[in-house]
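Asker: only the shape, not the letters, is given here:
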C-alpha cells in the first residue's frame, strides 16, 4: 500500500498520458457532508458501514457497534523456521561462546496489507517477511517471502508481477519477482538517517516502466528527503523529473499527493488534518474535504494504555472534549471514483472514510478501531484491514458491511515467556492471549485469552481471564475447575514454589494471596503506590509476580518502572527503587526481574542499571550500568534471567542485543544479536534443565537458543 506524509508542496506537471477512467462500482447512497464532526465510541468496534442519511452541516453520531470478534487462532499455521534440534548439554559459562539459534517460531507482527492490481494476490507484510495468499482461497497462505526483517511497506507493480518491500530497520528496499519468489534487486539506504520515526515512500509509474523512491537522508529530526527515479528494466537510475506527484509524493518527502486515475484531479493534504482537491491542469483548488472531529476519552486511554487505579490520574475517567483526527494514509479507489482516508485518533481510535472525487461528498464511513493499515480490492468489493494488536487480518465485504474472512496465525509482541517445570511446554503471552507451545517443535497446543501460571508439579496450569475468573485445569485444557473470580481482569498469576499458595494481581489493583486448594483468601496486599507526572500518589497494578523458595517474600513489577517486595508474614512492603515525580509518567519502561535458583538473590534491570539485591537483609549486593545499545528506541522493558545453575545472568537491551554476565561478579562474558527489531527484547526464559534459552521481541517471534 502506498503511504503519504502530510504537508502541502506541489510542483510540476503530470507524468505521461491520461488513463481512461474505469466503470465505477455502486455503493449504497448517502448524502454529502461538510464539516461533520464525528463522536467516536471509546471501545473497539467491529468495522461497520455507516449508511444512514447525514444532513449537511449537522454533527453526526457514529453508532456503537459490536466488539471485534474473538479470533480462533489457527493452530496449524504458526511456525516459521526449523523444528528444534536435539541439544546435548546445558548452557554454562564454559560453553556460552558456542550458543547459537536453534529455532524460530511465529509469522511476526502485522505491518501492512496490499491487494495486487489483478486481484489475484493478497500480500500480508510482517516483521519477519511477507505472507502471500491467493484471494480465491484464503484458508491458508500460498508461500512466505523470507525478505529483510521488519517490513514496513509493500507495493505491487501495475502488472502484479513484482513486489516492492521496504524495511526501515534493515535500511533496504527490495524488489521481489513473485513468479519464482526471487529477489531481483535491492536498494541500500543511508546508514546515517533515522528511519525509525520517518517513513520511506516507494511507487511504480502507471505503465510500470519506472520505480520511484523518496526517503530521508538527514540525521536526527532533519526532514531532508531525496527523490530518485529508476528504470525497472535494468534498475538503473534516471534523472529525476519534476512530475513526481504522479508517484504519490514529492521529492522532499513531505507531501501527500495523489493523482486521480482519469488525470483530472490532484488530491493533496494541506496539513495532517485536512485534504484539498485541485484541478490537475492548473492546480487551482476545487473543494476541501473537511476535518474530522472525535471525543478524546480518557477512559479509553486508561483501559488500553496506562493502567492505573486512581481517579486523579490522567487515563482513568472523563473526557477531554473534541479533538481532530490525524490523516494517516490516503488511497485512491478507482472502482468508486473515490479517495479513501484512514484517520487516527487517540491510541486505538480509527476511521476509514470514502469520499467522492466528483464533489468531495462522504460515501462511506467505517469504524475500524485498532487498525493500522488498509487496502481495497481492485474491484472495490473488499476492504482488507490490518489489526496489529489482535494479530489478525479482517476482510470486509463493502456491499454488505459483513466480515467475509479473517486471517489469523499472526502475532502480537510476546511480552512474557515461561517453561513448564518439565520443560515440555512453553507459554508465550502477548497483548491478547497466552499460547501454549510444545517445546520440541513449536506446535501450539491451545490459546488462552488471558494469563497463566504452571503449577510446580507441572501437571496443571492456572489461567486468569479478563472477566476475573481464575481456573485450575490440565495443561491440555481438560478437567477445568473454577477456583475463584477476582474483581477486574487478571494481570499476573503465580504459584508458591511448594504449590500450596497462589498469588493474583488484577487491573483494578487487587493483589491477593489465596490457598491453592480451594481459593480461600489468606491476605490482601497493598499495591505499589508511585508518583504521577505532577507528584500525586497513585496505585498501579502489578504485572509480574515471583515468590521466594522459602515462601517468605513475594516480588512484583509493574509497567511504570517500579519493583516491590512484600513480606508475606505481615504484608509489609519494601520499594526497591523510587521513580522521581518529575519523570514522564507515561514513558517509564518496565523493570525486568529474576530470582536466583537458591532464592538468595533478586536481580533487576532497567535502561540504566543492573542490580543484585538480597531480600533477606534488604541490601544491594552489586550494581553496574546497563550496557549501551545502538538503538534510538526507548526500551519497553529490560528482561533478565538466571540460568538454572545460577552461574549466568542474561540481560536484553533495546537494540535486540543479549548480554551474558557472570551472575556473581556481573562481568560481561558475551554479547550477541538475538533479534533485529528496535524496541528490543521483551522476555527471556531458561528451560528448567538449562539446555534452552527462549527469547522474544517486538517482532512477534520466539527464538530458541542452545549448544549444538
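Answerer: Yep, that arrived. Given the structure is predicted, the values throughout are model-derived calculations rather than measurements.
Asker: ok, residue 574 touching residue 564?
Answerer: Yes. Between residue 574 and residue 564 there is a contact at 7.1 Å, judged by C-beta atoms under 8 Å. C-betas here are computed from N, CA, C, even on glycine.
Asker: the more surrounded of the two?
Answerer: Neighbours per residue (other C-beta atoms under 10 Å) separate residue 574 from residue 564, with residue 564 holding more: 23 against 13.
Asker: mind listing what the helix or strand harbouring residue 513 pairs with, with the direction of each?
Answerer: Using DSSP states H and E, residue 513 falls within strand 511-515. With DSSP bridges as the test, strand 511-515 is paired with strand 501-506 (antiparallel), strand 521-525 (antiparallel).
Asker: for those strands, which one sits closest to residue 645?
Answerer: The closest of the strands paired with strand 511-515 to residue 645 is strand 501-506. By C-beta to C-beta, the value is 26.1 Å.
Asker: give me the contacts around the closest one.
Answerer: Contact with strand 501-506 is made by 453, 462, 464, 468, 470, 483, 486-496, 510-516, 519, 522, 527, 541-543, 545, 547, 551, 554, 556, as judged by C-beta atoms under 8 Å, 6 or more residues apart in numbering.
Asker: now, of these, which are buried?
Answerer: By neighbour count, with 16 or more other C-beta atoms under 10 Å, those hold 453, 462, 464, 468, 470, 483, 486, 488-496, 510-514, 516, 519, 527, 541-543, 545, 547, 554, 556 as buried.
Asker: show me the shaky parts of the stretch 601-708 of the chain.
Answerer: 607, 628-636, 677-679 (pLDDT under 70).
Asker: can you give me the strands in it?
Answerer: Counting by DSSP state E, counting those that start in this stretch, the stretch 601-708 of the chain has strands at residues 602-605, 609-614, 619-625, 640-642, 648-652, 657-662, 668-673, 681-686, 693-697, 702-707.
Asker: what helices or strands is the third one leaning on?
Answerer: Counting contacts by 3 or more C-beta pairs under 8 Å, 6 or more residues apart in numbering; DSSP states H and E, strand 619-625 packs against strand 609-614.
Asker: one step back: among the buried ones among the contacts of strand 501-506, which are in strands?
Answerer: Here DSSP state E is the test, and the buried ones among the contacts of strand 501-506 give 453, 462, 464, 470, 483, 490-495, 511-514, 542-543, 545, 547, 554, 556 as lying in strands.
Asker: tell me, domain by domain, which residues of the protein belong where.
Answerer: Domain segmentation of the chain under automatic domain parsing yields 38-65+87-407, 412-586, 589-708.
Asker: and the longest one, how far out from the chain middle?
Answerer: Right, domain 38-65+87-407. The chain centre lies 14 Å from the centre of domain 38-65+87-407; the measure is C-alpha atoms, centre = their mean, to the nearest Å.
Asker: the closest residue to residue 382 other than its chain neighbours - how many residues pack around it?
Answerer: Among residues not flanking residue 382 along the chain, residue 395 sits closest, at 5.4 Å (C-beta to C-beta, 6 or more residues apart in numbering). For residue 395, the neighbour count with other C-beta under 10 Å is 21.
Asker: can I take it that residue 395 is in a strand?
Answerer: Yes. Counting by DSSP: H, G, I helix; E, B strand; the rest coil, residue 395 falls inside a strand.
Asker: quick check: it vs residue 377, distance?
Answerer: Note on residue 395: its distance to residue 377, by C-beta to C-beta, to the nearest Å, is 9 Å.
Asker: now the common contact residues for those two.
Answerer: By C-beta under 8 Å, 6+ apart, residue 395 and residue 377 have these common neighbours: 383, 384.
Asker: if we can go back for a sec, tell me which of the strands paired with strand 511-515 is the most buried.
Answerer: Stretch with highest mean neighbour count among those: strand 501-506 (a mean of 25; mean count of other C-beta atoms under 10 Å).
Asker: which helix or strand contains residue 427?
Answerer: Using DSSP H and E, residue 427 sits in strand 425-429.
Asker: packing partners of that strand?
Answerer: strand 416-419, strand 434-438, strand 451-454.
Asker: so what strands line up beside it?
Answerer: Strand 425-429 sits in its sheet next to strand 416-419 (antiparallel), strand 434-438 (antiparallel), going by DSSP bridges.
Asker: weakest of those in terms of mean pLDDT?
Answerer: Out of the strands paired with strand 425-429, strand 434-438 stands lowest, with a mean of 91 (criterion: mean pLDDT).
Asker: now do that strand: everything it contacts.
Answerer: When contacts are defined by C-beta under 8 Å, 6+ apart, strand 434-438 is touched by residues 73, 78, 105, 416, 424-428, 443-448, 450-452, 461, 463, 475, 702.
Asker: just how off-centre is the strand holding residue 427 within its chain?
Answerer: 19 Å.
Asker: kind regards, and thank you for your time.
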